[in-house]
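>>> Kindly return the folded structure for what I paste below:
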Amino acid sequence: MTAFDTAWDLVKADTGMWDEIYAPLYDVFGGRGRNPNRNAIPLDFIQTKDLPLERHYGGKNAAALQDWAEEDVEKIMQDILEHGMMGRDSHWWHRGRKDLEEARADFDRNKAGETNPGNVAIPLIGFTEDGWQINEGNHRVAALRRLNAPYVPTYTQATWMGKTKPYSVDLPMGSEMRRWLGLSPSPKDPLLGDIIDYGGSFKENRMRDYNIHSDKSKKIDPYGLTARLRDGKYRIPTSFLFGRELVPDMGRLVPDLPEGLTAADMPLNEVRGKDGWWKDDYAELINDPKQIFRNWQNSPKWKIQED
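Residues are numbered from 1 along each chain as shown. I've put the predicted structure just below:
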């Protein structure tokens, strides 16, 4: 038995080690983490049991991932056990031929909030016509599953493809996320705005959404939160996507807003304060007089809410 096999057995026997393995993530990400950078991905987690093989890229054929990527998955497993996930000396930081000192400096810059690890750092939950899946990080999820990780770090982007976003029966999209995306409160109701698959680009679809309706209440403001979400402008915690606590005793992430305000208060149209062409004759357009929501949308921050 190799040292690697021995370490793996220890991890499987001691689930408490996962706090230590995931500790570096809290240093370099936002959300549950401590990185204050405005572009830092919000760190969140989902139970491994909720990421079955059919949620991998390739759907039900994802089992093939275990074969052609075997060597890569084993390397990731070993790296996680030796350095923690994205630890200061892990391969993540010195990939691309960086030497160890340069890699450590990169980790330190992220820890200091000077930058962020980017969009492919932890697994990304995305959408297809068949429902949500792992769009990025398939190998890392496979490695963590084989290590018997009880939960896996994830985030999501609500990129809109011009089609109705399918939802999972076991994990439906949360009501607050549905509202932000311009969907009706209940999955059984039709979409607000009759979104159609036009087969065009994100921008083309967005402008058609805005212009196609005679009912102004159903138009999508191309400069509002909904349109920006559909364009993939925001990184969203997984627990906010599903509107629930996903890992026992972890709580869920919600927008960090002043007391008395919640995600339900977030304007879906372009945020407008007292300054601007609308301040006199169009006072009814002012939806953010104190610039609270603009500040959040420009630099999203999240906090833990215990359910």
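>>> Identify each buried residue in stretch 115-133, please.
Buried residues in stretch 115-133, counted by 16 or more other CB atoms under 10 Å: 116-117, 121-127, 132-133. Just so you know, the C-beta spots here come from the backbone N, C-alpha and C atoms, and that holds for glycine as well.
>>> and which of those residues is nearest residue 93?
residue 117 (8.9 Å; CB to CB).
>>> what's the spacing between the closest one and residue 235?
11 Å (CB to CB, to the nearest Å).
>>> Now the common contact residues for the two.
Taking CB atoms under 8 Å, 6 or more residues apart in numbering as the contact rule, residue 117 and residue 235 both touch residue 41.
>>> which residues of the chain fall in helices?
In the chain, the helices defined using DSSP state H lie at 3-13, 17-28, 65-68, 70-83, 91-94, 100-111, 138-146, 175-180, 202-211, 225-230, 238-242, 292-298.
>>> Please identify the most buried of these.
helix 238-242 (a mean of 27; mean count of other CB atoms under 10 Å).
>>> Quick one: residues in contact with it.
Here helix 238-242 makes contact (CB under 8 Å, 6+ apart) with 44-46, 125, 154-156, 158, 171-174, 176-177, 245-246, 250-255, 263, 302.
>>> Apply 6 Å and report the result again.
For helix 238-242, contacts defined as CB atoms under 6 Å, 6 or more residues apart in numbering pick out 44, 46, 125, 154, 156, 171, 174, 177, 246, 252-253.
>>> Quick check: of the residues you listed, which lies closest to residue 226?
Using CB to CB, the contacts of helix 238-242 come closest to residue 226 at residue 177, 11.0 Å.
>>> Relative to residue 175, how far out is residue 264?
Distance from residue 264 to residue 175, by CB to CB: 9 Å.
>>> dump the residue contacts of the closest residue to residue 182 other than its chain neighbours.
Computed as CB to CB, 6 or more residues apart in numbering, the closest residue to residue 182 that is not its neighbour in sequence is residue 226, at 4.3 Å. Applying CB under 6 Å, 6+ apart to residue 226 gives the contacts 182, 220, 268.
>>> cool, residue 24 as well?
Residue 24 neighbours (CB under 6 Å, 6+ apart): 84, 86-87.
>>> ok, so what distance separates the closest residue to it other than its chain neighbours from residue 155?
Using CB to CB, 6+ apart and skipping the chain neighbours, the partner closest in space to residue 24 is residue 87 (4.4 Å). From residue 87 across to residue 155, the span is 19 Å (CB to CB).
>>> swap in residue 117?
Taken as CB to CB, the span from residue 117 to residue 155 is 11 Å.
>>> again, but for residue 78
From residue 78 over to residue 155 (counting by CB to CB), the distance is 25 Å.
>>> Same question for residue 232.
Relative to residue 155, and taking CB to CB, residue 232 is found at 12 Å.
>>> Who has more neighbours out of these two?
Applying other CB atoms under 10 Å to residue 232 and residue 155 shows that residue 155 carries more neighbours, namely 29 against 14.
>>> Just grab the bridge partners of that one for me.
Judged by DSSP bridges, the bridge partners of residue 155 are residue 124.
>>> my read: it touches residue 235, true?
Yes: applying CB atoms under 6 Å, one finds residue 155 in contact with residue 235, separated by 5.4 Å.
>>> and for those two, which residues touch both?
41-42.
>>> Low-confidence ranges, this protein, go.
Residue ranges of the chain with pLDDT under 70: 1-15, 58-68, 128-131, 159-168, 184-219, 276-284.
>>> which residues touch the closest residue to residue 30 other than its chain neighbours?
Among residues not flanking residue 30 along the chain, residue 40 sits closest, at 3.7 Å (CB to CB, 6+ apart). Residue 40 sits next to 29-30, 116 when contact means CB under 6 Å, 6+ apart.
>>> Among the residues you listed, which one sits closest to residue 290?
Once CB to CB is applied, the member of those that ends up nearest residue 290 is residue 30, at 23.3 Å.
>>> Break the protein down into its structural domains.
Following automatic domain parsing, the chain resolves into domains at 1-157+235-255, 165-228, 261-307.
>>> Quick one: end-to-end distance for stretch 107-123.
For stretch 107-123, the first-to-last residue distance is 19 Å (CA to CA, to the nearest Å).
>>> And the contacts of that stretch?
Stretch 107-123 is contacted by residues 27-28, 35-37, 39-40, 88, 93, 134, 136-137, 140-141, 153-154 when judged by CB under 6 Å, 6+ apart.
>>> just curious, which of the contacts of residue 40 is nearest to residue 149?
residue 29 (16.8 Å).
>>> you'd agree that closest one is up against residue 36?
No: contact criterion CB under 6 Å: residue 29 and residue 36 do not qualify, at 10.8 Å.
>>> Between the two, point out the one with more neighbours.
The neighbour count for residue 29 versus residue 36, taken as other CB under 10 Å, is higher for residue 29 (26 against 13).
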